[in-house]
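Chemist: Give the three-dimensional model of this entry:
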Amino acid sequence: MSSPYKVQSPVFGNPSIFCNPKRIHHNKVHHCKLLVLAMISVPSKNPRITTSSRSLISCYKSSVDLVKGGKLESLHFDEITRRIQVNFLDKIKAIPFKDRSEILSIMEKDAGNWTLSDIKGLLIALVTANEPDLALELYSNVASCGSALAPNCWTFSILIRCCCKKNDLDEAQRVLHHMMESGYSPNVITFTTLINSLCKRGQLQNAFEVFEVMGRIGCKPTVQTYNCLFKGLCYVGRVEEAHEMLMNMKKESIRPDIYSYTAIMDGFCKVGRSDEAMELLNQALEMGLAPNVVTFNTLFTGYSKEGRPHQGFRVLELMKEKNCMPDSISYSTLLSGLLKWRKIRAALGVYKEMAGIGFEVDGRMMSTLLRGLCMKSWKEKDMVQDAYQVFEKMSGASIIDHSTYGFVIRTLCMGKKIEEALDHLQQMIRMGYIPRTITFNNVIQALCMEGKIREALVVLVIMHENGKIPSRTSYDILIKEFNQQGRLLGACNVYGAALKQGVVPHRIPLR
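Modeler: Residues are numbered from 1 along each chain as shown. Sure, this is the predicted structure:
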């Protein structure tokens, strides 16, 4: 592969990394055991770095004595590697970041005794623990100490993974090129790691260049390799290309898995082609693949985006039919879509099903549902009770906001539950919320319709005491009720109070 990368690689800046490929390894296994045992003995809490360093050196010497006494012979190398990853990294990560370089310097002093296997084990562990910077620093510093470490295929692969974790993809590609120039053939895992990182960053052209290199050297891609490309193509909206690649993949006798189909289904849903995503799901089922909850959730999102949330019920039914139990995301996505498109009755059904299963509903969605139920109940009186039940549930969880209270009070007023409306108006004020003028007017209107003019005047006073200037509508409602009761003096008093506040009512006292 001709080199498109002319920039000098910092990872390979030191020539000592590549010299002496015939290094003697007669004490490799014993030394690695010593090293690991020393590292895993570092205390997990390190108030002072000097304490950690002494513990590290002390445990190292103790491990030497154990090996001389023949007490470590039964410790298998694979177990050593596992203990590096599980124990050693916990200790290193517990050390404050600024002090980690001192630990590295201690390790580097013994670098002359290290083997490539030792380095490989530590690098794997550090990368696994999401410490790529530390891994690269360790590798570079050990080499600079004069340790002649000839990298092999494993080492190159680990360095590529480090660069990918750092999102330094240019460097990762340079390492790949250097690896091949050095006579090593990357395996499919190394290629897939790099392709995946390139796709995640939207660098599709570079990803496909790496994919072509795989073909040139005879490295057969796996389904995971294809899945990375599918996700990358769909991420940038190139869904047709991803679908065509899926068809070609089948022709090459590589069996797609459910993740292959899910990636392309997600791509179709994002561009408003959810029916085609459903067709892909049917194809996957015909192949005997078992869709997972993510597969189905993709369809919920797609149908909601297209304004067809009711199609989600068909998806929900299919999920249960295929023994794939919907999770809280499934229900929440369906509920959100129904609320977005004002399908309130259907949304109420989904909410009740969620509550019956034991799934928690997001507070914001509950507020949206409650407001929808309130508005629906203004015309369809049978929904008032449902609205109030949702309100009580929210009250118990203390997730009611200012505007939601206003909707509930209006609903109670329209449902002629005046006492409850007054109670919630006072509760709202006690909670520190100042009701909107329209909320006060709703209560005043409801009281006047019941002929309770005195209580309506009390609400007007409460309104004024809480810093809200009654509107023209507030005064008009009261004047109208006084007129209907034939109470001219009361109507005149209200009219005069309005004028004093600078408000001119539309209605006037009638004789």
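
Chemist: Tally up the residues packed near Val459, please.
Modeler: Using other C-beta atoms under 10 Å, Val459 is surrounded by 24 other residues. C-beta coordinates here come from the backbone N, C-alpha and C atoms, glycine included.

Chemist: what do you get for Gly356?
Modeler: When neighbours are defined as other C-beta under 10 Å, Gly356 has 8 of them.

Chemist: Which secondary structure state is assigned to it?
Modeler: Assigned state for Gly356: helix (three-state reduction, DSSP: H, G, I helix; E, B strand; the rest coil).

Chemist: From Val350, how far off is it?
Modeler: Note on Gly356: its distance to Val350, by C-beta to C-beta, to the nearest Å, is 11 Å.

Chemist: what about the stretch 151-300 of the chain, any weak spots by pLDDT?
Modeler: The model of the stretch 151-300 of the chain has pLDDT under 70 over residues 151.

Chemist: Helices of the stretch 251-400 of the chain, residue ranges please.
Modeler: Using DSSP state H, counting those that start in this stretch, the helices of the stretch 251-400 of the chain run over residues 258-270, 274-286, 293-305, 311-321, 328-340, 344-357, 363-377, 384-397.

Chemist: out of those, nearest to Arg436?
Modeler: Between Arg436 and these, the shortest separation by C-beta to C-beta is 14.0 Å, and it involves helix 363-377.

Chemist: What residues of that closest one count as buried?
Modeler: For helix 363-377, a neighbour-count test (16 or more other C-beta atoms under 10 Å) marks 365-377 as buried.

Chemist: Quick one: mean pLDDT for that helix?
Modeler: For helix 363-377, mean pLDDT rounds to 93.

Chemist: again, but for stretch 398-406
Modeler: On average, stretch 398-406 scores 84.

Chemist: what sits up against stretch 274-292?
Modeler: If you take C-beta atoms under 8 Å, 6 or more residues apart in numbering as the criterion, stretch 274-292 is touched by 255-258, 261-262, 264-266, 268-269, 295, 298-299, 302-303, 305-306, 308, 311, 322, 324.

Chemist: quick one on the thing from earlier: show me which pair in the buried residues of helix 363-377 is furthest apart.
Modeler: For the buried residues of helix 363-377, the farthest-apart pair by C-beta to C-beta is Met365 and Ser377; their separation is 18.3 Å.

Chemist: For Ile444, find the nearest of the helices of the stretch 251-400 of the chain.
Modeler: Closest to Ile444 of the helices of the stretch 251-400 of the chain is helix 363-377 (C-beta to C-beta; 18.7 Å).

Chemist: Give me the helices and strands touching the closest one, please.
Modeler: Helix 363-377 sits against helix 328-340, helix 344-357, helix 384-397, helix 402-414, with contacts defined as 3 or more C-beta pairs under 8 Å, 6 or more residues apart in numbering; DSSP states H and E.

Chemist: Spell out for me which residue occupies the centre of the protein.
Modeler: Central residue of the chain (C-alpha atoms, centre = their mean): Ile329, 11.6 Å from the mean position.

Chemist: Look at Leu176 and say how many residues are nearby.
Modeler: Residues lying near Leu176 (other C-beta under 10 Å) number 24.

Chemist: what's the answer for Ile258, then?
Modeler: Using other C-beta under 10 Å: Ile258 sits among 18 other residues.

Chemist: So it versus Ser182, what's the distance?
Modeler: Distance, Ile258 to Ser182, using C-beta to C-beta: 38 Å.

Chemist: And the helix or strand that contains Asn493, what does it pack against?
Modeler: Using DSSP states H and E, Asn493 sits within helix 488-500. Judged by 3+ C-beta pairs under 8 Å, 6+ apart, the packing partners of helix 488-500 are helix 472-484.

Chemist: report the angle between the axes of the helix it packs on and helix 488-500?
Modeler: On the basis of axes from the mean of the first three to the mean of the last three C-alpha atoms, to 10 degrees, helix 472-484 is oriented at 160 degrees to helix 488-500.

Chemist: now for helix 472-484, which elements pack on it?
Modeler: Helices and strands touching helix 472-484, as assessed by 3+ C-beta pairs under 8 Å, 6+ apart, comprise helix 437-449, helix 453-465, helix 488-500.

Chemist: do you know which of these lies nearest Tyr475?
Modeler: helix 488-500 (4.1 Å).

Chemist: what mean pLDDT would you report for that closest one?
Modeler: Helix 488-500 comes out at a mean pLDDT of 95.

Chemist: now that helix against helix 453-465, angle please.
Modeler: Angle of helix 488-500 versus helix 453-465, following the same axes, to 10 degrees, is 10 degrees.

Chemist: what comes up buried for helix 488-500?
Modeler: Neighbour-count burial for helix 488-500 [16+ other C-beta under 10 Å]: Gly490, Ala491, Asn493, Val494, Tyr495, Ala497, Ala498.

Chemist: how about the nearest residue to the residue nearest to the centre of the chain, chain neighbours excluded?
Modeler: By the measure of C-beta to C-beta, 6 or more residues apart in numbering, the closest residue to Ile329 outside its immediate chain neighbours is Asn297, 5.5 Å from it.

Chemist: One more: Thr439?
Modeler: Closest to Thr439 by C-beta to C-beta, 6+ apart is Gly406, at 4.4 Å.

Chemist: show me what contacts the one you found?
Modeler: Counting by C-beta under 8 Å, 6+ apart, Gly406 touches Pro435, Arg436, Ile438, Thr439.
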